[in-house]
Each structure stands twice: as structure tokens, then as C-alpha cells.
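Asker: sequence and computational prediction follow.
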Amino acid sequence: MNGRAELTSSPANNVLDVLRQVALRVPDRPALIMESGAITFGDLWDRVGRAAAGLRRLGLEPGERAIVMIRMSIDLYVGMLALLEMGAVAVFVDPWIGRRQIATFAAFAEPRAWLGTAKSHLLRIFDPRLRTIPITVTTGWHLGPWPARCSLADLEVGEGLVPSRLEAKVSEEGIHPVSPDDPALITFTTGSSGEPKGANRTHRFLLAQRAALAAEFPAEEGDVEMTMFPVFALNNLAAGVPSVVPAMDFRRVDRVDAARVLAQMRQHDVTTCTASPPFFDRLAAEVESRPVERPTLRRLLTGGAPVSDAQLRTWRLAFPETEILVAYGSTEAEPVAHLTAEERLAAVNPARPQAPGYCAGRPIDRIRAKVARIEAGPITLGAEGWAAWELPAGEIGELIVSGDHVCRDYYRNPRAVGENKIADGEAVWHRMGDTGSFDAEGRFWLAGRVHSTIRRGGALIHPQLVEQAACGEDPRIRRIAAIGMPDPELGERVVLVVETEEEGIEGEIAARVAAAGLAADEIVLASEPLPVDPRHNSKIDYGKLRERLRTPGGPLAGQNSIWFI
């Protein structure tokens, strides 16, 4: 608890009360639609109640934590929502991180339960830190205690359950009373440092996030959304909007079967779609190859990685009547800002073609935002307050935000709180870790990441600015990254790594960088793919790339050309 927490607990504070109200209002409306089947809001509410009752019978108590490792599916939401209903805490460990880190993060949460696929239980069984978790549930089969004590189907069978909770007409039936600042979800999203950093999403936070998403991306009557993001499907459940889960391998967004996904869209009359940039790249390419198969969509919403102007133009050609929105945010704060494709494409001043980064738009009304001078360590406000830290419009620094839907802390990690949060009286500001600046119109322009900022000869070089200038609209360049590498004279030198099949284009790239008034000391042409984040398959993994450059004879050595400027 903290100073903001209300002393009274109530079922109305539990985010699950929102689902109850939706289920009572539209019980027969589809809630989640998979390629293999669907479930209505009424049936989902019944299944959640039965699963919650089953978890209680197994001995799980309110406030205790349960690991959830289930792919995006109906089972995921049955299990997760059952935990929330009974006042337990669902702990998500990002499946895209390595096995060792998954085990470390899971053990760090000190869970009493594990809900997961059979494969996830193999990880648990072979790790001594996780083997003794007393309550284990699998989404598939089990034989005695293997791979888990019971199945999700087992949880939903028990004595004393009414045939239908909707028929019972019991107000707030089964919903455990909570205080607004009680934890609901803990999400471990980063594994680069090896230290667990779990965003603590309280019931208050989830309700505030729902309100922010509803205000910024409002649903219309009859909407059906396809989304690859679990948080947006959760928001749809709260809004009474059916969610279609795309038939795809979520580990390889850049290889999605676009024809299969488009068939789902047409079959279920999808009106809106939320996904990462590579997903829409694949859809646009498929639609352009077969224009008669074009789906009728009123909105595309993307985020999670930078989107280039060239990508937006391609999407606009493929979906000429569709509103295209680019959203900006993070696990700890979503949404922060957004803008339309047209606003983004018109944002660059023709008189100054070198943009100060990627325009993310104006912060939404529910967000307060500042740009602070770049600081590697914790930020503590002194007697001068923000005057010692805040930068004026036009100067590049780190974006910090505050609001009701901004996570205030991390689970059992005071070090992460100290490094990423700034106390300001009752308010808590979150450091986004992104660098950029506000323009005269109040729009934020992304310039890079704080940890990727290059310190060259006493000056700060922002990678995204160098990358934009170097790439331009050159179709021969697939990906590009500016990396800071140790240098005895400069401190760090700027190394540009270019993923391309072309040869001899170093001079053109160097000329574009020089014309923008920026620095690049080396250019490396790489014919093989640069490492990207496993979730969106679109953000450069600068840490892995730096290690490759440091490794003699590594993947970027020998077969690639290096051009010194």
C-alpha cells in the first residue's frame, strides 16, 4: 500500500467487475475469436468463475502470485481473469526472453501457482527453484502430477457451482474485494540486464489504462478488432468489443501468413486492427498483390517500434480508406501519444528536410510530459525542483511522463524504482528511456534510446538521427543501426551497420550523413539480418549487435565490407 491507496476494499475496485457488467449486458456477443473456435462474454464469465473456484479449492489465496505462461488464447484469458477475480496476482514472464531468464524471473516472483502450457511446465520441472511450486495447472493433458497437478478443464469442474452465474443474478458474485492499489498484474518485460524488473499493474492502473485507451481509440457499435497484443484484447473485453486473435506464430511477426490473416478478417468482419509494424508490412504486400481481396477496415493502429515514412506510404496505398494511427508508449505507460499517418508525413518541414527524429505526436490529455537532461544514473529533485532538470522545446533529452495509467513502481525492485522513477510529492514520474525533443507545436520527436546514446568527442550523438539521415528513402537498405564503439581518442566512435544486398553504396550513405551535419566514423555493410527484438521483430537489438561487432570472426566479420570515413 502507499499514500494513495484507499483503506476500504470493495469488489467494485476489482477490474473484473468491468467484465461482469459487460457479460450481463451482452452475454451472447463473441468475446474472443480464435481460428479454432470462439467464446461469448457470458460463457467467458462462467468459465472464469469456475476456474477461480477451482483455484480456491487448490488452496490459492488472495494476494498470492501465480505465473501465467499461456499463449494468446481463450485459455489465457480464462486463467488470467480467474486469478484477478479471486484477488490473486497474475505474473507474466515474457516468453520471448531466454529460458534461464524466464526461470530467474519466475523464481523472483515467489509464486504459489503456475498456470501454463505443457511446454512451460517442462521448464518448471527441470529448474530446482520452480519445481516445488505447490499449485500447478496445465492447459493441456496431464497424467497424475505430470506435467502439472491438474488441467484448466479440471479447475472448471467442482461441487457447488451454479449452472450459470448470469442466471444467478448475484451482484458482484465471486469477485474478491480489493483496494485500488492492490497488485493485479506483474509483467516482466526486459531481460537485457538479467535483473528482474516487473511492472506492477494495480487494479487502479488497469482501470485508468482502460479509460485512456477508450478515450484515445474509441470503439464504435459493431466493431470487431483483430489484435496481436494481449493488453488490447483485455481492453476489448472491458469495452464489450469482440477480439479476433490472428492465426500466426507470435515469435515471428515478420513471417505472418498474410493471406490467412486477411481471410480471418473477412470471415469475422473485422473493422479495426492493432499490431506491430512488420505485421502491417506483410498485410500491405499481400493486399497490393491481390487488390480484390482488400478488407474493409476503418482503423489500423500500430506501435512498439519506429515506423518509417516509407512504411506509412506503403500502408496508405494498400488501405486508402482506412485511418492509420501510430501510437507511442511502453509497458509502464500506454498510451503516451499518437498521431495519424497524414500528420506524421506532414510533420517534416520541407525547408528543413532533416527531421529531428520520428514524430510521435502530442502527449494525450491524461499524460503529463517533460524532457529532462540526459542522466545515466537516478534523478532526484532537489531544492530547485524541475528547474535543474527540465529542458526547453527543441533541446534533446529524456522523455519523462506521469499520469494515472503510468506504473508507479516495480515488484520487489527498489533499485529499478530508483533508476526509472522520479518522486515529486504525491506524483511519480516515469523515465521512458527514450531521447527526443518537443517542437514549438508540442509534438514529441523520438531521437533514440538513452542507453544507446553515443558519446563522441564530448558530444552526444543520437543514433536514430544518424540512422534516418543515412537511410533516407533508399530502398536498398533493409535495416540500419548506429552503434557507439570504444575509441581511444573520441571515447566512442560512430559505427553504421547497414543490412543490404548491395555493394559499393558506402559513399552515398556517407554523403547523406554529412549533408545532415552528423557524424559517422565507419560504415559496415552486412548481407545477413541484423539482430532485432523477438517480440516485434522490428527494433534493432543494439546490445547483441555491439557484441557481434566486438567478436573477432563473428557474424559481421570477413564477408562484409567496412568503409572508413
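Answerer: Looks like it arrived, so ask away. Residues are numbered from 1 along each chain as shown.

Asker: poorly predicted segments of the stretch 101-250 of the chain, please.
Answerer: 158-173, 189-195 (pLDDT under 70).

Asker: neighbours of L123, how many?
Answerer: Other residues within reach of L123, judged by other Cβ atoms under 10 Å, total 18. All C-beta atoms are positioned from the backbone trio N, CA, C, and that covers glycine.

Asker: what kind of secondary structure is it in?
Answerer: helix (DSSP: H, G, I helix; E, B strand; the rest coil).

Asker: report all helices and strands that the helix or strand encompassing A199 contacts.
Answerer: Here A199, judged by DSSP states H and E, is contained in strand 198-202. If contacts are counted by 3 or more Cβ pairs under 8 Å, 6 or more residues apart in numbering; DSSP states H and E, strand 198-202 sits against strand 183-188.

Asker: sorry, back to before: from the chain's centroid, how far away is the strand holding A199?
Answerer: Offset of strand 198-202 from its chain centre (Cα atoms, centre = their mean, to the nearest Å): 14 Å.

Asker: can you name the element that comes right after it?
Answerer: Following strand 198-202 in sequence order, the next helix or strand is helix 203-216 (DSSP H and E).

Asker: what sits up against that next one?
Answerer: Outside helix 203-216, the residues that touch it by Cβ atoms under 8 Å, 6 or more residues apart in numbering are 4, 13-15, 18, 178-182, 184-185, 201, 231-232, 234-235, 238-239, 334-335, 338, 364-366, 403-405, 407-408.

Asker: could you list the buried residues of it?
Answerer: H203, R204, F205, L206, L207, A208, Q209, R210, A212, L213, E216 (16 or more other Cβ atoms under 10 Å).

Asker: which SS class is the nearest residue to A103 once chain neighbours are set aside?
Answerer: Spatial nearest neighbour of A103, excluding adjacent residues (Cβ to Cβ, 6 or more residues apart in numbering): D127 at 4.5 Å. Assigned with three-state DSSP, D127 falls in the coil class.

Asker: what number of residues lie near D127?
Answerer: Around D127 there are 16 residues (other Cβ under 10 Å).

Asker: ditto for P180
Answerer: By other Cβ under 10 Å, neighbour count at P180 equals 21.

Asker: just the element for V91, please.
Answerer: Residue-wise, V91 maps onto strand 89-93 under DSSP H and E.

Asker: give me the sheet partners of that strand and which way each runs.
Answerer: Strand 89-93 pairs in its sheet with strand 65-69 (parallel), strand 183-188 (parallel), by DSSP bridges.

Asker: now the shortest one: how far from the chain's centre is it?
Answerer: Translated: strand 65-69. Centroid separation for strand 65-69 versus its chain: 18 Å, with Cα atoms, centre = their mean.

Asker: if you count neighbours, what's buried in that strand?
Answerer: In strand 65-69, counting by 16+ other Cβ under 10 Å, buried: R65, A66, I67, V68, M69.

Asker: kindly list the main-chain dihedrals of the nearest residue to the second one once chain neighbours are set aside?
Answerer: The one in question is A66. Among residues not flanking A66 along the chain, A113 sits closest, at 3.7 Å (Cβ to Cβ, 6+ apart). Torsion angles at A113 (phi, psi; degrees, to the nearest 10) stand at phi -140, psi 160.

Asker: state the distance from A113 to T104.
Answerer: Plainly put, A113 is 18 Å away from T104 if you go by Cβ to Cβ, to the nearest Å.

Asker: next one: A519
Answerer: A519 is 39 Å from T104, by Cβ to Cβ.

Asker: G49 too?
Answerer: Counting by Cβ to Cβ, the gap from G49 to T104 is 34 Å.

Asker: now do the SS call for G517.
Answerer: Strictly by three-state DSSP, G517 counts as coil.

Asker: quick one: it from P356, how far?
Answerer: Taken as Cβ to Cβ, the span from G517 to P356 is 12 Å.

Asker: neighbour count winner among these two?
Answerer: Taking other Cβ under 10 Å, G517 and P356 do not tie; P356 has more neighbours (21 against 9).

Asker: residues contacting the more buried one?
Answerer: P356 neighbours (Cβ under 8 Å, 6+ apart): I396, G436, S437, D439, W445, A447, L465.

Asker: looking at the residues you listed, which one is closest to A284?
Answerer: Relative to A284, the closest of these is W445; by Cβ to Cβ it sits at 25.0 Å.

Asker: strand partners (parallel or antiparallel) of the helix or strand containing the closest one?
Answerer: Take DSSP H and E as the rule and W445 turns out to sit in strand 444-449. Strand 444-449 has its sheet partners listed here by DSSP bridges as strand 358-361 (antiparallel), strand 427-438 (antiparallel).

Asker: circling back to that earlier point, could the strands paired with strand 89-93 go into a markdown table alongside distance to C150?
Answerer: Shown next, in a markdown table, are those (distance: least, Cβ to Cβ, whole Å):
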| stretch | distance to C150 |
| --- | --- |
| strand 65-69 | 14 |
| strand 183-188 | 23 |
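
Asker: relative to I374, which of those strands is closest?
Answerer: Closest to I374 of the strands paired with strand 89-93, according to Cβ to Cβ: strand 183-188, at 26.2 Å.

Asker: for the closest one, buried residues please.
Answerer: Across strand 183-188, burial judged by 16+ other Cβ under 10 Å covers P183, A184, L185, I186, T187, F188.

Asker: would you mind finding the longest helix in this protein?
Answerer: helix 41-58 (DSSP state H).

Asker: next, the angle strand 65-69 makes with that helix.
Answerer: 130 degrees (axes from the mean of the first three to the mean of the last three Cα atoms, to 10 degrees).

Asker: can you list the buried residues in helix 41-58?
Answerer: For helix 41-58, by 16+ other Cβ under 10 Å, it's 41-56, 58.

Asker: just for this protein, where's the confidence low?
Answerer: 1-7, 95-96, 158-173, 189-195, 292, 349-355, 534-537, 552-565.

Asker: got the domain boundaries for it?
Answerer: Using automatic domain parsing, the domain parsing of the chain gives 11-206, 354-452, 460-564.

Asker: ok, which of these comes nearest R298?
Answerer: domain 11-206 (18.1 Å).

Asker: follow-up on the earlier one: can I get the buried residues of helix 203-216 in JSON lines including distance to H268?
Answerer: As requested, the buried residues of helix 203-216 are exported to JSON lines (distance: Cβ to Cβ, whole Å):
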{"residue": "H203", "distance to H268": "31"}
{"residue": "R204", "distance to H268": "33"}
{"residue": "F205", "distance to H268": "31"}
{"residue": "L206", "distance to H268": "26"}
{"residue": "L207", "distance to H268": "28"}
{"residue": "A208", "distance to H268": "30"}
{"residue": "Q209", "distance to H268": "26"}
{"residue": "R210", "distance to H268": "23"}
{"residue": "A212", "distance to H268": "26"}
{"residue": "L213", "distance to H268": "21"}
{"residue": "E216", "distance to H268": "24"}
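
Asker: closest one to D269 out of the residues you listed, please.
Answerer: The closest of the buried residues of helix 203-216 to D269 turns out to be L213 (Cβ to Cβ; 21.7 Å).

Asker: any figure for the gap between that closest one and V245?
Answerer: L213 sits 18 Å away from V245, going by Cβ to Cβ.

Asker: now do P147
Answerer: 24 Å.

Asker: equivalent analysis for A103, please.
Answerer: Distance, A103 to V245, using Cβ to Cβ: 27 Å.

Asker: compare those two and say which one has the larger neighbour count.
Answerer: V245 (23 against 18).

Asker: can you pull the contacts of the more buried one?
Answerer: The contact partners of V245, by Cβ under 8 Å, 6+ apart, come to L32, I33, M34, E35, M72, S73, M226, T227, M228, A233.

Asker: which of these fall in helices?
Answerer: By the criterion of DSSP H, membership of those in helices covers A233.

Asker: just the buried subset of the contacts of V245, please.
Answerer: Looks like these have L32, I33, M34, M72, M226, T227, M228, A233 buried, using 16+ other Cβ under 10 Å.

Asker: what about the second one, distance to A393?
Answerer: If you measure I33 against A393 using Cβ to Cβ, the figure is 45 Å.

Asker: kindly report the same for the last one.
Answerer: Relative to A393, A233 is positioned 37 Å away (criterion: Cβ to Cβ).
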